[in-house]
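**Q** Show me the folded form of this:
(one chain, ligands or ions: 2)
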Amino acid sequence: MKIAVIGTGYVGLVTGTCLAENGNDVLCVDIDKNKVNQMKAGVVPIYEPHLDVLFERNIEAGRLNFTTDLKEGLDFGEVIFLALPTPEDEDGSADLKYVLGVAKEIGEYITSYKVIVDKSTVPVGTADLVRTTIEQDCKTEFDVVSNPEFLREGFAVDDFMKPERIVIGSSSERATEVMQRLYQPFVRSGNPVIIMDEKSAELTKYASNSFLATKITFMNEIANYCQKVGADVDKVRIGMGTDSRIGKRFLFPGIGYGGSCFPKDVKALHKSGKDINYDFKILEAVVEVNEHQKTILFPEVSSYFDDNLEGKTIAIWGLAFKPETDDIREAPALYMIDKLLEAGANVKAFDPEAIENVKEKYGDKLQYGKDMYEVTEGADALLICTEWSIFRTPNYDLLKSNLNNPVIFDGRNLYPTVELAKQGIHYISIGRQKV
Ligand SMILES: NC(=O)c1ccc[n+]([C@@H]2O[C@H](COP(=O)([O-])OP(=O)(O)OC[C@H]3O[C@@H](n4cnc5c(N)ncnc54)[C@H](O)[C@@H]3O)[C@@H](O)[C@H]2O)c1
Ligand SMILES: O=c1ccn([C@@H]2O[C@H](COP(=O)(O)OP(=O)(O)O[C@H]3O[C@H](CO)[C@@H](O)[C@H](O)[C@H]3O)[C@@H](O)[C@H]2O)c(=O)[nH]1
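**A** Residues are numbered from 1 along each chain as shown. Ligands and ions are numbered 1, 2, ... in the order given. All right, here's what the predicted structure looks like:
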């Protein structure tokens, strides 16, 4: 099939590349000239494991191409994916200006039947809004379907190639048939393509993200409570997670969820309830608890230094909002950096993939290390914000000789407390007793 993907960020580029990998001809359109030039030169503009191999292979095979020209994309594709940003607006709602802006242009440009697929995360009713926006200027037939994306950054290629489910919201038989044909190679494993109406598909996405964010937030509250009553959240987590009704995943407490999705999506669902006088009380609590959770480690760092961080040097491991990505959107590490700088501390930061993005934001306000141990040299404490695998088995002797004080503040519970006690390291983590 001939596919156009409009917007080549984490979702669009993975979608385009994986569809090409399954034999489709794909033209990716992006408004960002630099990005398009980079991709034309064979450079993947984001870090996403395994994407580079597929990217190169499909460019070489001529199945994956790039342009800044939306009209060229619309002429080319029978199916047009919208993978555009839907960032948080000032009032917490999803800002639809990118999606509706492109919809307007689609109405002006298309001259033959197209299936317009909304892959962006959008509020209930957006498919209708996209349809009426296109209709204003359109002289040909088209359908709009909702096809929310569930990939996780860091596992995006795997998630796209072997999805647990594909959700399609469509009220057109013609478009449904096209979508089923397109996705048939991805569900050979027997995982379902679930067809429903557009509104239910749109809500499935928000409900899924909000549920997962709630699950994490619940565990963060249990962790905070553990700390107060002397229980160990890791033991509670394992005890709970073995009940298959609860499940082991997404029970890991920490310094709050971040990223480009959970924070904005929970707020957007809450706001869309408010707009129709429905009060999503649980979501309001989730947002509030998560905001608080980002703040719980800083007072520990501060009080260790008698509330005087002026001139102290803090090494940070992990800046991305989670491992295996270079994405720092809403990363809890950024809150910690801001607080530390505000308190007059020096920050030496290391992350395997996110340094460039952090440099763009903070420039020379921070020092950056080439490896994880370099930033600990002469630092007064180590703070861990993201659970990259390479941090899991550190050389404790080297750490102790590098750090001025043997102290680790761990926002992701990477180490067994008994091991750190044995190592003689002062260790503060989440929902576990201090060592
Ligand atoms: N990142 C994820 O893990 C993920 C997963 C599932 C769903 N989503 C949703 O998918 C959507 C896209 O997310 P993302 O993370 O890929 O965003 P992103 O910010 O990484 O990428 C968006 C891209 O769209 C481009 N763009 C903006 N306006 C454009 C226009 N008028 N024409 C062409 N290109 C344009 C930008 O230059 C950028 O490259 C959002 O709604 C998001 O909520 C994201
Ligand atoms: O047990 C857990 C699991 C995750 N997190 C945090 O939650 C955030 C989100 O993690 P994750 O869901 O793995 O990453 P995303 O790439 O943001 O993926 C989510 O958001 C995407 C965008 O909508 C969806 O497509 C995915 O299904 C959904 O998992 C990160 O800050 C994690 O550190 C925890 O604190 N504890």
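
**Q** quick one: residue 92 and residue 267 touch, right?
**A** Yes: judged on Cβ atoms under 8 Å, residue 92 makes contact with residue 267 at a distance of 4.1 Å. C-beta coordinates here come from the backbone N, C-alpha and C atoms, glycine included.

**Q** between the two, who's got more neighbours?
**A** Using other Cβ atoms under 10 Å as the criterion, residue 92 and residue 267 rank with residue 267 on top: 21 against 16.

**Q** what does the stretch 251-400 of the chain have sitting close to ligand 1?
**A** 260-261 (Cβ under 6 Å from any ligand atom).

**Q** Would you mind listing the buried residues in the strand or helix carrying residue 5?
**A** In the assignment (DSSP states H and E), residue 5 maps to strand 2-6. Using 16 or more other Cβ atoms under 10 Å as the test for burial, strand 2-6 gives 3-6.

**Q** Closest one of those residues to ligand 1?
**A** residue 6 (5.0 Å; Cβ to the nearest ligand atom).

**Q** re the thing from before, and the buried residues of strand 2-6 near ligand 2, which?
**A** Near ligand 2, by the rule Cβ under 6 Å from any ligand atom, you find none of these.

**Q** excluding its backbone neighbours, what's nearest residue 262?
**A** Nearest residue to residue 262, sequence neighbours excluded (Cβ to Cβ, 6 or more residues apart in numbering): residue 213, at 4.4 Å.

**Q** which element follows whichever helix or strand the one you found is part of toward the C-terminus?
**A** According to DSSP H and E, residue 213 maps onto helix 198-229. Downstream of helix 198-229, the first helix or strand assigned by DSSP H and E is helix 233-241.

**Q** helices or strands up against that next one?
**A** Using 3 or more Cβ pairs under 8 Å, 6 or more residues apart in numbering; DSSP states H and E, the elements in contact with helix 233-241 are helix 198-229.

**Q** From the chain's centroid, how far away is the helix it packs on?
**A** How far helix 198-229 lies from its chain's middle: 15 Å, per Cα atoms, centre = their mean, to the nearest Å.

**Q** what does stretch 153-171 give?
**A** With Cα atoms, centre = their mean, you get 14 Å for stretch 153-171.

**Q** related to what we said a few turns ago, test my guess that the residue nearest to residue 262 contacts residue 257.
**A** Yes: the criterion here is Cβ under 8 Å, and residue 213 meets it with residue 257 at 5.6 Å.

**Q** How are the strands of this protein distributed by residue range?
**A** 2-6, 25-29, 64-67, 79-82, 114-118, 142-146, 166-169, 193-196, 313-317, 346-350, 367-368, 381-384, 407-410, 426-428 (DSSP state E).

**Q** ok, now how distant is residue 331 from residue 385?
**A** 7 Å (Cβ to Cβ, to the nearest Å).

**Q** who touches both of those two?
**A** Counting by Cβ atoms under 8 Å, 6 or more residues apart in numbering, the residues touching both residue 331 and residue 385 are residue 319.

**Q** Let me see the contact set for residue 312.
**A** With contact set as Cβ under 8 Å, 6+ apart, residue 312 has these partners: 305, 344-346, 380-381.

**Q** rewinding a little: what is in contact with residue 92 and residue 267 at once?
**A** What both residue 92 and residue 267 touch, as defined by Cβ under 8 Å, 6+ apart, is an empty set.

**Q** got a winner among the contacts of residue 312 for most neighbours?
**A** residue 381 (24 neighbours).

**Q** Can you verify my assumption that that residue contacts residue 402?
**A** No: counting by Cβ under 8 Å, residue 402 is not a contact partner of residue 381; they are 11.4 Å apart.

**Q** if we can go back for a sec, shared neighbours, residue 213 and residue 257?
**A** With Cβ under 8 Å, 6+ apart, residue 213 and residue 257 have common neighbours residue 290.

**Q** Need the per-residue pLDDT for residue 75.
**A** The model reports residue 75 with a pLDDT of 98.

**Q** And for it, the neighbour number?
**A** Residues within reach of residue 75, counting by other Cβ under 10 Å, total 16.

**Q** With the one 3 residues further on instead?
**A** A count of neighbours around residue 78, defined by other Cβ under 10 Å, yields 16.

**Q** Enumerate every residue touching it.
**A** Residue 78 is in contact with 1-3, 113-115, 178, counting by Cβ under 8 Å, 6+ apart.

**Q** Tell me the residues on the stretch 201-350 of the chain that lie near ligand 2, please.
**A** Contacts of the stretch 201-350 of the chain with ligand 2, taken as Cβ under 6 Å from any ligand atom, map to 209, 212, 216, 250-252, 254, 257-259, 261-262, 321-322.

**Q** Tell me which of those fall in helices.
**A** 209, 212, 216, 262 (DSSP state H).

**Q** how about those, which pair is most distant?
**A** The two members of these with the most space between them (Cβ to Cβ) are 209 and 216, at 10.8 Å.

**Q** Identify the contacts common to those two.
**A** With Cβ under 8 Å, 6+ apart as the test, residue 209 and residue 216 both reach residue 262.
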